[in-house]
Each structure stands twice: as C-alpha cells, then as structure tokens.
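Visitor: Any chance you could fold what I've pasted below:
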Amino acid sequence: MMKITAIQMVSLADPATNIQTAKRLLQQAKSAGAELAVLPEYWSIMGLRDTDKVAFAEEPGNGVLQNFLKQMAQELQMTIVGGTIPLQSSDSHKIYNACLVFDPSGTQIARYDKIHLFGFTNGEESYQESNTIQAGDEIVSFDSAVGKVGLGICYDLRFPELFRNMGVCDLLVLPAAFTYTTGQAHWEILLRARAIENQCYVLASAQGGTHDSGRRTWGHSMLIDPWGKVLSCLEEGEGVVVADLDREAMQNIRNNLPALKHRRFAC
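Guide: Modelled structure (predicted):
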C-alpha cells in the first residue's frame, strides 16, 4: 500500500507566486506520507490571456520551472508528476503543454506532450488550445514504485483509446484545468469510467477556483479506485488529496472480474 497525492491549485498569472504555492503544497503532501504527487495542469501560470504562457516557454532541460520540479523531487525524496509547464516548440507562437516526471533522485524519467487540444464554445465561453499549443504525438507511461503509470492531460480524458493503447496500467494520472461548465457535467463520470474500464487507480489533479482572468475551473481533484469508487476528493480551492493505492485490492478486482483478459481485439 502506498500513499499518493493530487495537488489542487487556483493558479495566478504570476509564476513566482505559483511556484511558492506549489512548494508549500508539495511539502504538505510529503508530510502526509505521500510517495508520489501530481501537480495540476497550468500550475505555473494561468494567464490573463491564453497567449501569456508562450512568453514563459522553457527550453527542454533548462529553466526555472524544470529546475524547481527537479529540486523538489530531490528535497522531498518523492516522485513528482509535474502537472504541465510550457516548453518551446518549433513554432515561436506556440508551446508544448508538457508533463514532466521526476523521480526521488531528481532525474527526469518521462515527458508527455498533450495530444488532444481542447476546443469549446457555447456563446458565452470560448477556448481553442490549438491557437497557442502544438499537439504532441507520443503516448507515454513510466514505471514507478506504484507500478506502471500512464500519463494524460485534461481533455485527453475524453479519449479512452489513448489510455487503452498504454497497455495495462496500475495508475492513470491526469493533471487538468477543466472549465466549470464542462467539469460540472462530465468530470467525475469520465474519471470513474476510465478507472472502471482499465481496472486501475485514477489520480486527477485539478485547478479549482476563479483565476485572475475571471475564468473559473471545476476542481474536484480526486483518487478513484479500480471499482470506480471515489476514495478522496477536494471540491474547490487549493489543497491536497491524499489516499492509499492498494495493489492487492486492485489485483483482487482483476481476478474476480478479468475484463482486461476478455477483450476480443480480432472483432
């Protein structure tokens, strides 16, 4: 059994302030016994405009945000799934929305660039991530003390084939900044579905509140077990969600209902 943590933030337009908040919450997670922690999407900056994050794009392997994640993993002796940070792309007007993973030694062991880019408009709200983000094209998972961990980011949640193509995972992690509108309708349902169909734990780390731009995010960071039960949830505001990942309980579910073995790909 192992404690894992989702960190929920209400990030601001100022990266320096967000770094201090992330540091405090990571320390809180460690104090609660967590061995793996996940930061939310856009933890380092939720700008006044979508283009603001482009100005803070870092070169891969070098930068304030990457150094911070590396140092915190070393200092806390904890695996950190670094939410998302902006990394430079081949287009100077766009960034990769990248999730970097650092092990307790501070070594970067995985990078996932968000594949599915959110687009939504309802007459009152409008979002088009493809205007400022270059889509990734590689499915990513990594091995850890909790087992095989699959990486997704926010809008990826709506595409179950992404997670199935990772193979059998013990944990799926999802940093997110779901809008209040879509989150209220779909967030928990989709997260629980991904846990049930993949018979694994799902740890979702979200933005949860009203940001400098006036944008409101849904929050509800949570850990869900392989049976689809929500083990812990933080509805709104900053904080940490800490719960146990029980590999024995997961294996019992897979033994009792071996759905992963019943798939018929030839059909």
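Visitor: C-alpha only now, for contacts and for neighbours.
Guide: OK.
Visitor: top helix in this structure by residue count?
Guide: Longest helix in the chain, counting residues (DSSP state H): helix 15-31.
Visitor: ok, residue 197 to residue 6 distance?
Guide: Residue 197 is 21 Å from residue 6, where distance means CA to CA, to the nearest Å.
Visitor: For the two, indicate the residue with more neighbours.
Guide: Under the criterion of other CA atoms under 10 Å, the comparison of residue 197 against residue 6 puts residue 6 first, with 34 against 16.
Visitor: Can you name the residues that contact the more buried one?
Guide: Neighbour list for residue 6: 37-40, 203-206, 221-223, 240-242 [criterion: CA atoms under 8 Å, 6 or more residues apart in numbering].
Visitor: what kind of secondary structure is it in?
Guide: strand (DSSP: H, G, I helix; E, B strand; the rest coil).
Visitor: Check residue 166 too.
Guide: coil.
Visitor: Could I get the pLDDT score of it?
Guide: At residue 166, the pLDDT value in this model is 97.
Visitor: Contacts only, for it.
Guide: 139-141, 150.
Visitor: how about a cut-off of 7 Å?
Guide: 139, 141, 150 (CA atoms under 7 Å, 6 or more residues apart in numbering).
Visitor: Restrict the residues you listed to the buried ones and give me that as a PyMOL selection.
Guide: Entered in PyMOL, the line below selects the buried ones among the contacts of residue 166, by 16 or more other CA atoms under 10 Å:
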select buried, resi 139+141+150
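Visitor: which residues in the stretch 1-150 of the chain form strands?
Guide: Assigned by DSSP state E, counting those that start in this stretch, the stretch 1-150 of the chain shows strands spanning 2-8, 36-38, 79-81, 85-88, 95-102, 108-113, 119-121, 126-128, 141-144, 147-151.
Visitor: what does the longest one rub up against?
Guide: Strand 95-102 has contacts (CA under 7 Å, 6+ apart) with 54, 57, 70, 73, 79-89, 108-114, 132-135.
Visitor: please redo it, this time with the cut-off set to 6 Å
Guide: Under the contact criterion CA atoms under 6 Å, 6 or more residues apart in numbering, strand 95-102 has outside partners 54, 79-89, 108-114, 133-134.
Visitor: Ok, stretch 240-257 next?
Guide: With CA under 6 Å, 6+ apart, stretch 240-257 has contacts from 1-7.
Visitor: mind redoing it with 8 Å?
Guide: Outside stretch 240-257, the residues touching it (CA under 8 Å, 6+ apart) are 1-8, 25, 28-29, 32, 34, 146, 170, 199-201, 221-223, 225-227, 231-234, 260.
Visitor: From the chain's centroid, how far away is the helix or strand bottoming out on mean pLDDT in the chain?
Guide: Using mean pLDDT, DSSP states H and E, the weakest-scoring helix or strand in the chain turns out to be strand 126-128, at a mean of 79. Distance, stretch centre to chain centre, for strand 126-128: 20 Å (CA atoms, centre = their mean, to the nearest Å).
Visitor: which other helices and strands contact that strand?
Guide: The helices and strands touching strand 126-128, judged by 3 or more CA pairs under 8 Å, 6 or more residues apart in numbering; DSSP states H and E, are strand 119-121.
Visitor: What's the mean pLDDT across the strand it packs on?
Guide: Taken as a whole, strand 119-121 has a mean pLDDT of 81.
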